[in-house]
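Asks: everything below, folded, please.
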Amino acid sequence: MKKNMKESEELRKQLDLERLQSDTRKLNISKSIAEFEVLEGELEKHRKCWHQEVDDIFDKHKSLITSMRENAIKSLTEQNHAPKHVIERKLQIIKENKDIIRSKSVSKVVNYKTEFQEYKASPKEIDAIVTVPSLKVKTDRGKELDMEYGEGELIYTDTDSVIIVRSGMTENLIKTPEGWEPWGLCCTNSGDILVNMVTNAVIHDHKIVRYAGQKAVQDIQKDSDGNPFFQSGNFIICLAENRNGDICASDGNAKKVVVMDKEGAVRFRYTGYPAKRKKYFCPEHIATDSKSQIIETDHNNDCLHILDQNGEFLQCVDDCGLDTPGGLSIDNKGRCWVGLHSGKLKVISLNM
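Replies: Alright, predicted model coming up:
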């Protein structure tokens, strides 16, 4: 009997242990299911994110095609305008000659002033063919998507000119005045070009010239009292236009950011205060975002300074490993692309 009781007790212990293990396994199963559901949720979140990325890419290319189409049609329309005017005038002359001949009026014949010399030359041949770029897409399954077509316009400064590259062809867009060299530029929302110019001297004077096409329409150098806006020196004046039309200039020679309205009147200057950095403010490149915020690199303090459009300091970004930041650009998603002097590139999302 004792043996039977002992055996039963041992079996009850084993059953209790098995129930405990079973409960543990069920708990682990539930936990695993929950974790896999979280994983699937993360996957779906990334799926939506990547779908949005693809949509954004195609939207961007669609916008580019629309822009190319509008420019092409505009060019063809402008080319067609002059010949149409000439044709209409020639038809008018033929009609006037017929009327004179039918009238048999001596006075009309004597007083007739011919325009034949102006129109006798053969019509000038006009290249009215627009080559629509072909679309090349690589979509090998499991590999990256590659899509390209056409060639955008590249604008850059040379020794004494502003150069534009259109469809692979290089041409001089702007010839700078004698004694001045172009050191930098930015394109405005209206299509104008702002050019930072410097004098041919050991210590350079600076000014900003606005060009509409090839014509200089604004010269920003001195205020109404004759005082220069920018300090002489060998640092380039980096430029950006804000959404409200303000001209934002980074003056590394004066260690200041100068912001002017589109008429060239100074709205404010920023000297690095109240950021309270360890070293003096040393601005280099400048950019603006969709919120009209002004972002400035400070390579002396390894950070970005962010201001609102009225010059109020918002924050410094100094926790992203920005070792001597230099170049700066903002993409259409508001991300900062920061070029470091080491040659590295940092992409930063500003959550403000």
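Asks: contacts and neighbour counts: CA atoms only from here.
Replies: Will do.
Asks: tell me the contacts of residue 330?
Replies: Neighbour list for residue 330: 287-289, 336-337 [criterion: C-alpha atoms under 8 Å, 6 or more residues apart in numbering].
Asks: just those: which are in helices?
Replies: The helices, defined by DSSP state H, take in nothing from these.
Asks: which stretches of the stretch 51-200 of the chain form helices?
Replies: Counting by DSSP state H, counting those that start in this stretch, the stretch 51-200 of the chain has these helices, from start to end: 106-111, 116-119.
Asks: most tightly surrounded among the ones you listed?
Replies: Compared across those, helix 106-111 shows the largest average neighbour count, a mean of 10 (mean count of other C-alpha atoms under 10 Å).
Asks: can you give me how far it is from the chain middle?
Replies: Centroid separation for helix 106-111 versus its chain: 64 Å, with C-alpha atoms, centre = their mean, to the nearest Å.
Asks: what's it in contact with?
Replies: Here helix 106-111 has contacts from residue 100, using C-alpha under 8 Å, 6+ apart.
Asks: repeat for stretch 214-223
Replies: Applying C-alpha under 8 Å, 6+ apart, the set of residues contacting stretch 214-223 from outside is 173-174, 206-211, 228-230, 264-265.
Asks: what subset of these is buried?
Replies: Applying 16 or more other C-alpha atoms under 10 Å to these, the neighbour count classes 173-174, 206-211, 229-230, 264-265 as buried.
Asks: pipe those into JSON lines and attach distance to residue 166 per row.
Replies: Formatted as JSON lines, those follow (distance: C-alpha to C-alpha, whole Å):
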{"residue": "173", "distance to residue 166": "11"}
{"residue": "174", "distance to residue 166": "14"}
{"residue": "206", "distance to residue 166": "29"}
{"residue": "207", "distance to residue 166": "27"}
{"residue": "208", "distance to residue 166": "25"}
{"residue": "209", "distance to residue 166": "23"}
{"residue": "210", "distance to residue 166": "21"}
{"residue": "211", "distance to residue 166": "18"}
{"residue": "229", "distance to residue 166": "34"}
{"residue": "230", "distance to residue 166": "33"}
{"residue": "264", "distance to residue 166": "31"}
{"residue": "265", "distance to residue 166": "34"}
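Asks: if you look at the residues you listed, which of them are in strands?
Replies: Using DSSP state E, the subset of these located in strands is 173-174, 206-211.
Asks: pull the most distant pair out of these.
Replies: Spanning the widest gap among these are 173 and 206, at 20.8 Å by C-alpha to C-alpha.
Asks: tell me the domain ranges of this protein?
Replies: Per automatic domain parsing, the domain ranges recorded for the chain read 1-121+128-146, 148-349.
Asks: the first one - what's its average pLDDT?
Replies: It stands for domain 1-121+128-146. Mean pLDDT, computed over domain 1-121+128-146, is 71.
Asks: now that domain, how far from the centre of its chain.
Replies: Using C-alpha atoms, centre = their mean, the offset of domain 1-121+128-146 from its chain centre is 18 Å.
Asks: now do the last one
Replies: The chain centroid and the centroid of domain 148-349 are separated by 13 Å under C-alpha atoms, centre = their mean.
Asks: on that earlier part again, how about the contacts of stretch 214-223 in TSV, adding pLDDT and distance to residue 187?
Replies: Putting the contacts of stretch 214-223 into TSV (pLDDT from 0 to 100; distance: C-alpha to C-alpha, whole Å) gives the following:
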residue	pLDDT	distance to residue 187
173	91	13
174	93	13
206	96	18
207	96	16
208	97	13
209	97	12
210	97	10
211	95	10
228	95	23
229	96	21
230	97	20
264	94	16
265	95	19
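Asks: mind checking pLDDT for residue 326?
Replies: At residue 326, the model reports a pLDDT of 86.
Asks: tell me the strands beside whatever helix or strand it lives in, with direction?
Replies: Counting by DSSP states H and E, the element that carries residue 326 is strand 325-330. For strand 325-330, the pairing partners within the sheet under DSSP bridges are strand 335-340 (antiparallel).
Asks: following the strand it pairs with, which helix or strand comes up?
Replies: strand 345-349.
Asks: for residue 205, which non-adjacent residue is closest in space?
Replies: Closest residue to residue 205 in three dimensions, ignoring its sequence neighbours and counting by C-alpha to C-alpha, 6 or more residues apart in numbering: residue 232, at 4.6 Å.
Asks: what about that neighbour, how many neighbours?
Replies: As a burial measure, residue 232 scores 18 neighbours (other C-alpha atoms under 10 Å).
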